[in-house]
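*Asks:* Coordinates for the following, if possible.
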Amino acid sequence: MLSRVAENIYWLARYLERAEDTARLINVTSNLLLDFPRTTRLDWDSLVVISGAEEIFDEHYDTRSADNVLNFLCVDQHYPGSIISSLDAARENLRTTRDILPREIWEELNTLYLDMHRQAENGITSRKRDAIMKRVIRSCQTINGVIEGSLSHTQVHTFLMLGRNLERGDMTTRIIDVRSANLLPRNTDDLTPFEGLQWMSVLKSLTGYQMYRQQVRLRVKGPDVLRFLLQDEYFPRSVASCLGQLSYELEDLPGHDEAQALVDKTLSLLINANLVSLAYEPDSLHDFVDELQISFNELHQAIAEQYFSGAYRSQSQSSAA
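*Replies:* This is a model prediction of the structure:
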């Protein structure tokens, strides 16, 4: 396979996963707004901080209101990590590789792309929020279903899986990071009554609540949720599962030693984490998430330098952070 084609396939998968998981990131806050009493203050601007896009946001918006944050994360083309920017980039990468992928992928992605551009003309409001996020998530899941049911397990599939699982693992850590953001006062007494709701909203946003309850037959608690989302080998969106899939796909590629070593290093970081401490110390959890995201970025650079043409493209096709 040409390195240029491999790169396009890899980024197609990353951008699709980024669009889906940005919608899931928004859903975390949406679920909290529904579950928490009105007297509790929730900050939408935490999503801007977590996405690492404060500078871009502040260039184009005066206030970090709910509607401004939604438009920024969903349909603002100034921000390369927004849903619409991710879909634009995914569509362009798919356009150049349409002959090697099932036709249904192009049809579904193109329909979603056109729908989001129509939404962009009217803006994203709180009233439309849930329906639009569900639409994005469902279409991305449909595309992944077509890939799994119709695409032969050649190197095309390998690079799709590398892109998907690297982006998914990174975005799962960002969704977890909503828990460490300033969603609630840091005073322990104020926070305690709502801990279960916070962790439950994170699970639901990753479609992991039912799978969690099957494995953990107790009430939702922070350390158990972190263990499930970080260390569980069987839940597809857990960080450990994503790393396991990356390791499996790398085995079929030549020259994978450096990337494989980085996967092993990140898995070691996960295994040795003190999850009880992280669950009850938001600042420590945030710092740990930062470590994981740095590891994922290093892994991406190793893959890009080994398999893709030219130097690592930090400007043209960068991660959201």
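
*Asks:* Show me the shaky parts of the stretch 1-150 of the chain.
*Replies:* 34-43 (pLDDT under 70).

*Asks:* so where do the helices sit in it?
*Replies:* Assigned by DSSP state H, counting those that start in this stretch, the stretch 1-150 of the chain shows helices spanning 3-35, 45-51, 54-60, 66-75, 83-95, 103-122, 126-150.

*Asks:* Out of these, the one nearest Phe288 is which?
*Replies:* Shortest distance between Phe288 and the helices of the stretch 1-150 of the chain, using Cβ to Cβ, is found for helix 45-51: 14.0 Å. C-beta: built from backbone N, CA, C; applies to glycine.

*Asks:* which strands and helices sit next to the closest one?
*Replies:* helix 3-35, helix 66-75, helix 155-177 (3 or more Cβ pairs under 8 Å, 6 or more residues apart in numbering; DSSP states H and E).

*Asks:* Can I get the helices of the stretch 1-150 of the chain in JSON lines including mean neighbour count?
*Replies:* Listed next are these as JSON lines, based on neighbours: other Cβ atoms under 10 Å:
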{"stretch": "helix 3-35", "mean neighbour count": "23"}
{"stretch": "helix 45-51", "mean neighbour count": "21"}
{"stretch": "helix 54-60", "mean neighbour count": "13"}
{"stretch": "helix 66-75", "mean neighbour count": "22"}
{"stretch": "helix 83-95", "mean neighbour count": "21"}
{"stretch": "helix 103-122", "mean neighbour count": "16"}
{"stretch": "helix 126-150", "mean neighbour count": "16"}
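
*Asks:* what distance separates the start and the end of stretch 211-225?
*Replies:* 11 Å (Cα to Cα, to the nearest Å).

*Asks:* Which of the residues in it are classified as buried?
*Replies:* For stretch 211-225, the neighbour count (16 or more other Cβ atoms under 10 Å) marks 211-212, 220, 222, 224-225 as buried.

*Asks:* Out of the helices and strands packed on helix 45-51, which is closest to Glu281?
*Replies:* Of all the helices and strands packed on helix 45-51, helix 155-177 comes closest under Cβ to Cβ, at 13.4 Å.

*Asks:* Can you list the buried residues in the closest one?
*Replies:* Buried-residue list, helix 155-177, by 16+ other Cβ under 10 Å: 156-177.

*Asks:* so how far is it from its chain's centroid?
*Replies:* With Cα atoms, centre = their mean, to the nearest Å as the basis, helix 155-177 stands 8 Å off its chain's centre.
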